[in-house]
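>>> This is the structure alone, sequence omitted:
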């Protein structure tokens, strides 16, 4: 009888976990379970994103820009959306702003291969306009799932739109940068987007201050 009770107890635990998972996915915006919750990988998530038609951006994109880097990275950089070069190549941060981001990463004693780089939106908005709220709402669940799978210790949010998507703030990046916020238990440091640095040389100093805080935090969490 005790063995039967144990089996029933374990079965009820599985059912409870599944109910919790389904509720979580519905809240995130996933309306169908294409991959079992314990079988999801970044590669399977990439396949889902590649086929996404949730918003109008799929009609104008050349390539989906999923993200790239170390799938077990301690540090993740999140931008707002792909630009023209990224849309053409299907890779994040490969244009002029991306080259500057690479230099920042290397100044932090990392390589691009050691960190992970992605965007809130996976498709380029026409003419590089700002992301629309409904586009963020449709695409953010994919980013949420990415971060769940990578499990970074720190996220660096590049620019206002990336920071707002992660920490649900209405502030601009100038007011947000320089201090840590929390996103699902992960520390987030907002800072200026590399594209902004290309136009505003004076902003490089505060960005270096922000990334030094990230390096210090990673040292504490090592």
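Nice, thanks for sending it over. Because the structure is predicted, anything quoted here is derived from the model rather than measured.
>>> per-residue pLDDT, residue 29?
Each residue has a pLDDT score; the one for residue 29 is 48.
>>> Okay, now the unreliable bits of the chain?
For the chain, the stretches with pLDDT under 70 are 1-38.
>>> Quick test: name the residue nearest the centre of it.
residue 143 (4.5 Å; Cα atoms, centre = their mean).
>>> For that residue, which residues are in contact?
Going by Cβ atoms under 8 Å, 6 or more residues apart in numbering, residue 143 touches 78, 118, 119, 120, 165. Just so you know, the C-beta spots here come from the backbone N, C-alpha and C atoms, and that holds for glycine as well.
>>> Report the two of the residues you listed separated the most.
118 and 165 (11.5 Å; Cβ to Cβ).
>>> what's the overlap in contacts for these two?
Taking Cβ under 8 Å, 6+ apart as the contact rule, the neighbours common to residue 118 and residue 165 are 78, 143.
>>> quick one: the helices in the chain?
2-28, 42-50, 84-89, 96-107, 133-150, 160-167, 173-176, 194-199, 204-221 (DSSP state H).
>>> can you tell me which of the contacts of residue 143 are in strands?
78, 118, 119 (DSSP state E).
>>> Go through those residues and name the one nearest residue 188.
residue 78 (8.6 Å).
>>> show me what contacts the closest one?
Contact analysis of residue 78 by Cβ under 8 Å, 6+ apart lists 118, 119, 120, 143, 155, 156, 157, 158, 162, 165, 166.
>>> at 10 Å what do you get?
Contacts here follow Cβ atoms under 10 Å, 6 or more residues apart in numbering; on that basis residue 78 touches 67, 92, 116-120, 143, 146-147, 152, 155-159, 161-163, 165-166, 183, 188, 190.
>>> Next one: it from residue 174, what distance?
18 Å (Cβ to Cβ, to the nearest Å).
>>> same thing with residue 145?
Residue 145 sits 30 Å away from residue 174, taking Cβ to Cβ as the criterion.
>>> Who has more neighbours out of those two?
residue 145 (19 against 12; other Cβ atoms under 10 Å).
>>> since we're on the closest residue to that one other than its chain neighbours, how many residues are nearby?
Leaving out its chain neighbours, the residue that sits closest to residue 145 by Cβ to Cβ, 6 or more residues apart in numbering is residue 45, at 5.5 Å. Residues lying near residue 45 (other Cβ under 10 Å) number 19.
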